[in-house]
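Undergrad: With the input below, show me the fold.
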Amino acid sequence: MSIKGVILDWAGTAVDYGCFAPVAVFIEVFANKGIDITWEEARKPMGMLKIDHLRTLCEMERIAGLWEDKYGRTPNDVDVNEMYADFERLLFSILANYAEPIRGVIALMERLREQGIKIGSTTGYTFEMMKVVSAEAKKRGYAPDCLVTPDDVPAGRPYPWMIYENAIRLGLYPMKHMAKAGDTISDIQEGVNAGVWTVGILKGSSELGLTEAEVAACPPEELKEKLQAVELKYRAAGAHYVIDSIGELDTVIAEINARLAQGDKP
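TA: Numbers count the residues shown, from 1 in each chain. A predicted model of the protein is given here:
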């Protein structure tokens, strides 16, 4: 009775500390349409399939209002598709620069594999985007056993299909023997909906939205408040555990194993 597989998110969890690549591009895409959106707005739907993320931004009340003020109507599917084409063009031009593994994740993988735990992954990036990210991450030492993108399943997060596909490919069952770790609310929802143990990560996360240098420079009390605010969001979304950084995941797995031995389940 123990965890047999771990499913990790990519940007903000395993690579790209702070999940900065897509955020900057979303802001630029809207700026190209004459609409100024904030970093907070750009991050809010993070973890979703990117066209769904873009569509969700367009549906936000303030952004839709700005669009109506400028164009006399709210954004439609034509607008979304035009902006998504712009998003892909801009993202692919920078994506290879945002595949650096987050501190602690490679050592974590080694420890997990020593325990016989398989490592899967899900993402909000498309298959074509992940070809770039996964290849660059592999050069730097990060390569999970399985990668599933929204293109492989009927829908991306918060639906559980990517986790189910990982389970199929890795031969993992029942679902209570799996854990999902991520850095966005949609990550947590994905894990909860799949019926697996679900872990939110604080430092390096999109929800925190700080670089590693900014985290190090942040006054302790201020950082504590920021981390607590993110933890509350994860807990409200249903996270079973919240950890400081990705490198601590195996300590949580030890706790889950103890609970499984007692007959607990997610």
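
Undergrad: For burial, what's the neighbour tally of residue 212?
TA: Neighbour count for residue 212, taken as other CB atoms under 10 Å: 13. Heads up, the C-betas are built off the backbone N, CA and C, glycines and all.

Undergrad: mind starting the numbering at 10 from now?
TA: Yep, numbering from 10; the last one is residue 221 now.

Undergrad: pretty sure residue 77 is in a helix, no?
TA: Yes: assessed with DSSP: H, G, I helix; E, B strand; the rest coil, residue 77 lies in a helix.

Undergrad: Give me the spatial nearest neighbour of it, chain neighbours excluded.
TA: What sits nearest to residue 77 in space, not counting adjacent residues and going by CB to CB, 6 or more residues apart in numbering, is residue 83, at 5.5 Å.

Undergrad: In what element of secondary structure is that neighbour found?
TA: Here residue 83, judged by DSSP states H and E, is contained in no helix and no strand.

Undergrad: Pretty sure it sits against residue 72.
TA: No: with contact defined as CB atoms under 8 Å, residue 83 does not count as touching residue 72 (9.4 Å).

Undergrad: how near is the residue nearest to residue 77 to residue 73?
TA: 5 Å (CB to CB, to the nearest Å).

Undergrad: Give me the common contacts of the two.
TA: Common contact partners of residue 83 and residue 73 (CB atoms under 8 Å, 6 or more residues apart in numbering): residue 67.

Undergrad: The two: which is more packed in?
TA: More neighbours surround residue 73 than the other of residue 83 and residue 73, with 16 against 13 (other CB under 10 Å).

Undergrad: Surely the more buried one touches residue 67?
TA: Yes: the criterion here is CB under 8 Å, and residue 73 meets it with residue 67 at 6.5 Å.

Undergrad: Quick one: list the elements packing against the host helix or strand of residue 31.
TA: Per DSSP H and E, residue 31 falls inside helix 30-40. Using 3 or more CB pairs under 8 Å, 6 or more residues apart in numbering; DSSP states H and E as the contact criterion, the elements in contact with helix 30-40 are helix 48-52, helix 59-68, helix 86-103.

Undergrad: outside of the helix or strand that comes right after the longest one, which residues touch it?
TA: Looking back up the chat, that one is helix 86-103. Where DSSP H and E defines the elements, the next helix or strand beyond helix 86-103 is helix 114-123. The contact list for helix 114-123, computed with CB under 8 Å, 6+ apart, reads 15, 17, 23-24, 128, 150-151, 153, 255-256, 258-259, 262.

Undergrad: let's see it at 6 Å
TA: With CB atoms under 6 Å, 6 or more residues apart in numbering as the contact definition, helix 114-123 has outside contacts at 23, 128, 150-151, 255-256, 258-259.

Undergrad: possible to save those as CSV with secondary structure, neighbour count and pLDDT?
TA: Shown next, in CSV, are the contacts of helix 114-123 (DSSP: H, G, I helix; E, B strand; the rest coil; neighbours: other CB atoms under 10 Å; pLDDT from 0 to 100):
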residue, secondary structure, neighbour count, pLDDT
23, coil, 29, 97
128, strand, 20, 98
150, coil, 12, 97
151, coil, 23, 97
255, helix, 29, 97
256, helix, 19, 96
258, helix, 23, 97
259, helix, 18, 95
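
Undergrad: Out of those residues, the closest to residue 31 would be?
TA: residue 23 (14.9 Å; CB to CB).

Undergrad: I figured the closest one was touching residue 16, is that so?
TA: No: assessed by CB atoms under 6 Å, residue 23 is found out of contact with residue 16, at 10.8 Å.

Undergrad: Relative to residue 262, how far out is residue 99?
TA: Residue 99 is 38 Å from residue 262, by CB to CB.

Undergrad: between the two, which one's more packed in?
TA: For residue 99 and residue 262, the more surrounded residue by other CB under 10 Å is residue 262, and the numbers stand at 22 against 18.
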